[in-house]
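1. Okay, sequence plus prediction incoming.
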Amino acid sequence: MKKYPWLYKIYKKIINQYFNKTNHHTILIQSQINIGSSKLILEICKTILCQMPNNLNSCNICHNCELINKKNYVDLYIIKVEKKKKFIGINSILNCLNKINNTPQLGSVTIIWIPKVHLLTESSINSFLKVLEEPPVNTLFFLENRNNFLLKDTLKSRCITYNIYAPEKKNSILWLKKNVSKKYTLEDLLIALNISENSPILAKKILKNKIWNTRKKLFDKIYELIKVKNILLLYKDLKKYVLKKIYWICSLILDAIKYFYNKNIKLINTDQNKLIKIINKKNSKKNLFKIIKIWMKCFFYIKNIPKVNINFILLESLIQWEQFFNF
Ligand SMILES: [Zn+2]
């Protein structure tokens, strides 16, 4: 758990409560995406089920730890969405709940973990609530939820909730310095955090693979196309990592809007001053708000509408963007 220091306080609290037998039977972990909630729950499960826990940590070598690492531990049930389905139906819940009426096979506790609790259907929640009214002995429930999904109060009231927040920027920077290549400057690390909603885990992912260079290349291309007055040519460059690229474009437009209000304001893309200034210069404040709406709509459609015609949506957004430039 020391790998993710911002999770350690909650980890220690839950583990201590469990070993002191003062824990709640249903624990809800609420956080933004990519902050490590699944890692936290996995490590808690391992320590609880470990045969030789040491100083509040799992040993990682005993038979139980080994089975959990291989995702093969019989008393740890992870309820996920079934293949080709979008929600966690009542059958998934009932199948699992039937099994927990039996006593744990290997250790002294059975654990039920629902990583995406917002995907439970109404009827799944109702059957789950019935179980939580009189929870079976020696059973622990872990529910994981993202901040942007509202849960039913009836469900929340049966849980103890822990919120995990992104670490402070200075701590994230220290963590990134230890976990990514030394070639990155402080400015690179700050930008990576800015475009990752301050999640050090996501910032590390962006810096560790080709995505970091992809972002730079995209912004270079946008600059070049504004210069030659043909933003439509961006179309081909947007196809790979499409959602990430639209998100970066939005962050760029947002920087151009910020620039109108205060030229000394902290920007997201501090390495793109030249590009931000040119976008700011070529558009009115009113138009920049319209442009950001176009890209946010584009992001929403591609992310949320199944089988949407991505090519069409991208082209439409680019045509609309180009019109504002008055080339
Ligand atoms: Zn162990």
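-> On my side now, so go ahead.
2. so where's the stretch 201-327 of the chain uncertain?
-> By pLDDT under 70, the stretch 201-327 of the chain has no low-scoring segment.
3. Could you tell me which residues of it lie near the ion?
-> Nowhere does the stretch 201-327 of the chain come near the ion, counting by Cβ under 5 Å from the ion. Every C-beta, even on glycine, is put in place using the N, C-alpha and C of the backbone.
4. Can you tell me what sits against the helix or strand harbouring residue 217?
-> Here residue 217, judged by DSSP states H and E, is contained in helix 211-227. With contact meaning Cβ atoms under 8 Å, 6 or more residues apart in numbering, helix 211-227 is reached by 188, 192, 195, 205-206, 231, 233-234, 237, 240-241, 244-245, 248-249, 252, 269, 271-272, 274-275, 278-279, 282, 325.
5. Can you tell me which of the residues you listed are buried?
-> Buried subset of these (neighbour count, 16 or more other Cβ atoms under 10 Å): 188, 192, 195, 205-206, 231, 234, 241, 245, 248-249, 252, 269, 271-272, 275, 278-279, 325.
6. Can you pick out the ones from these that are in helices?
-> Using DSSP state H, 188, 192, 205, 206, 245, 248, 249, 252, 275, 278, 279, 325 are the members of the buried ones among the contacts of helix 211-227 that sit in helices.
7. what's the neighbour count on the nearest residue to the fifth one once chain neighbours are set aside?
-> If the residues on either side of it in the chain are set aside, residue 245 comes closest to residue 238, at 5.3 Å by Cβ to Cβ, 6 or more residues apart in numbering. Other residues lying near residue 238 total 21 when counted by other Cβ atoms under 10 Å.
8. hang on, residue 238 packs against residue 313?
-> No: using Cβ atoms under 8 Å, residue 238 is not in contact with residue 313; the gap is 10.3 Å.
9. Give me the distance between the closest residue to residue 177 other than its chain neighbours and the ion.
-> Taking Cβ to Cβ, 6+ apart, and ignoring the residues beside it in sequence, residue 177 has residue 189 as its nearest neighbour in space, at 7.1 Å. According to Cβ to the ion, to the nearest Å, residue 189 stands 35 Å off from the ion.
10. if I pick residue 189, what's in contact with it?
-> With contact taken as Cβ under 8 Å, 6+ apart, residue 189 is in contact with 173, 176, 177, 180, 203, 207.
11. now swap in residue 301 and tell me
-> Per Cβ under 8 Å, 6+ apart, neighbours of residue 301: 308, 313.
12. For residue 188, see how far away it is.
-> 31 Å (Cβ to Cβ, to the nearest Å).
13. which ones among the contacts of residue 189 are found in helices?
-> Using DSSP H, the contacts of residue 189 in helices are 173, 176, 177, 203, 207.
14. For the residues you listed, pick the one with the most neighbours.
-> residue 203 (29 neighbours).
15. Would you check how far apart that one and the ion are?
-> For residue 203, the distance to the ion equals 31 Å [Cβ to the ion].
16. same thing with residue 46?
-> From residue 46 to the ion the distance is 7 Å (Cβ to the ion).
17. Pull the number of nearby residues for the closest residue in space to residue 278 that isn't next to it in sequence.
-> With sequence-adjacent residues excluded and distances taken as Cβ to Cβ, 6+ apart, residue 278 is closest to residue 226, at 5.8 Å. Using other Cβ under 10 Å, residue 226 has 18 neighbouring residues.
18. and residue 68, what helix or strand is that in?
-> Counting by DSSP H and E, residue 68 is part of helix 63-69.
19. Flag every buried residue along that helix.
-> Neighbour-count burial for helix 63-69, counted by 16+ other Cβ under 10 Å, picks out 64, 65, 67, 68.
20. May I see the buried residues of the helix holding residue 217?
-> The neighbour-count check on helix 211-227 (16+ other Cβ under 10 Å) flags 211, 212, 214, 215, 218, 219, 221, 222, 225, 226 as buried.
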